[in-house]
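Trainee: my questions concern the predicted model and sequence given below.
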Amino acid sequence: MGTNAIDLLVINGENAAGGFGITPSIAEELFDLGAQVITTGNHIWDKKEIFEYMTVPEDSHGRGRRVLRPANYAAGTPGFGVYEGELPTGQIYAVMNLQGRVFMSSCDDPFRKADSLLTNISAKVILLDFHGEATSEKMALGWYMDGRVTAVLGTHTHVPTADERLLRHGTAYQTDVGMSGPFDSVIGVETEMVVNRFLTGMPGKFEPARGNPKMCATLIECDGGTGRATGIRRVMMGE
């Protein structure tokens, strides 16, 4: 963080628990490492102990409140899909978490949900994590949000895309930030297990791979007063 003078660190942690879900202890560890907010996605409920951790008052600023699940999940599910907070510098920011509908499990319309969330956000600096499968859906939401949020960053496919750019009205965009994990794998899983699934069609328990760990991230520069992005850079770090 010090090298690039990062002010706001957001981590998508939905597969932090050995490749499947996240636990309270792992969330605590990520917060200890400097994360202000943890976003997630379709694997958020893989570890049941996260339910209670995320069941907190809406006006709380505690750590459980800062673990988000997609905002367009059904009403009544634990947790929240947006968080608005203040950095030690006094900068107000918001983080939104949405999930796509194309090739994904059923959820509410992310486009109209984004509209709804924005009506209650006062921050100018707004990061949107869009957890989706289809590149077209992610791109469409990026253009739809252009000029209304600071950044739209895609997650879910585990593969970083080389399309980071500033859209015409000042929103930084990347279709997928990628995966922090073992790159000698099939999206994080031991290659032999996945290849065997394709060859035989037989079910089997997937295990996370261990070879060639890398960390993917995206650095965004923005104007704190207007929320407009002024730069975006893709990062991949290895051992």
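Mentor: Looks like it came in fine. This one's a predicted model, so the numbers in the text were calculated from it and none came from an experiment.

Trainee: need the residue in the chain that's farthest from the chain's center.
Mentor: residue 200 (33.0 Å; Cα atoms, centre = their mean).

Trainee: and the strands in the chain?
Mentor: Shown for the chain, the strands assigned by DSSP state E span residues 10-12, 37-39, 82-86, 92-99, 125-131, 151-155, 165-166, 172-174, 181-182, 213-222, 229-238.

Trainee: can you list the strands that the fourth one pairs with?
Mentor: Right, strand 92-99. Paired neighbours of strand 92-99 in the sheet (DSSP bridges): strand 82-86 (antiparallel), strand 125-131 (parallel).

Trainee: out of those strands, nearest to residue 221?
Mentor: Smallest distance to residue 221 across the strands paired with strand 92-99 (Cβ to Cβ): 11.1 Å, for strand 125-131. C-betas here are computed from N, CA, C, even on glycine.

Trainee: re the thing from before, what would the strands of the chain look like in a markdown table with mean neighbour count?
Mentor: Shown next, in a markdown table, are those (neighbours: other Cβ atoms under 10 Å):
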| stretch | mean neighbour count |
| --- | --- |
| strand 10-12 | 22 |
| strand 37-39 | 27 |
| strand 82-86 | 18 |
| strand 92-99 | 26 |
| strand 125-131 | 27 |
| strand 151-155 | 27 |
| strand 165-166 | 16 |
| strand 172-174 | 26 |
| strand 181-182 | 20 |
| strand 213-222 | 18 |
| strand 229-238 | 14 |
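
Trainee: could you export the ones you listed as CSV, including mean pLDDT?
Mentor: Shown next, in CSV, are the strands of the chain (pLDDT from 0 to 100):
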stretch, mean pLDDT
strand 10-12, 98
strand 37-39, 98
strand 82-86, 98
strand 92-99, 98
strand 125-131, 98
strand 151-155, 98
strand 165-166, 98
strand 172-174, 98
strand 181-182, 94
strand 213-222, 97
strand 229-238, 96
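
Trainee: distance to residue 191 added to those, as CSV?
Mentor: Formatted as CSV, those follow (distance: least, Cβ to Cβ, whole Å):
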stretch, distance to residue 191
strand 10-12, 23
strand 37-39, 28
strand 82-86, 37
strand 92-99, 27
strand 125-131, 24
strand 151-155, 22
strand 165-166, 32
strand 172-174, 26
strand 181-182, 10
strand 213-222, 15
strand 229-238, 18
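
Trainee: minimum distance to residue 74: which of those strands has it?
Mentor: Proximity to residue 74 (Cβ to Cβ) singles out strand 92-99 among the strands of the chain, at 11.5 Å.

Trainee: among the strands of the chain, which comes closest to residue 25?
Mentor: Nearest of the strands of the chain to residue 25, taken as Cβ to Cβ: strand 37-39 at 12.8 Å.

Trainee: nearest to residue 63, of the strands of the chain?
Mentor: Among these, strand 37-39 comes nearest to residue 63, with 8.6 Å by Cβ to Cβ.

Trainee: what helices and strands are in contact with that closest one?
Mentor: Strand 37-39 is packed against strand 10-12, helix 24-32, strand 92-99, with contacts defined by 3 or more Cβ pairs under 8 Å, 6 or more residues apart in numbering; DSSP states H and E.
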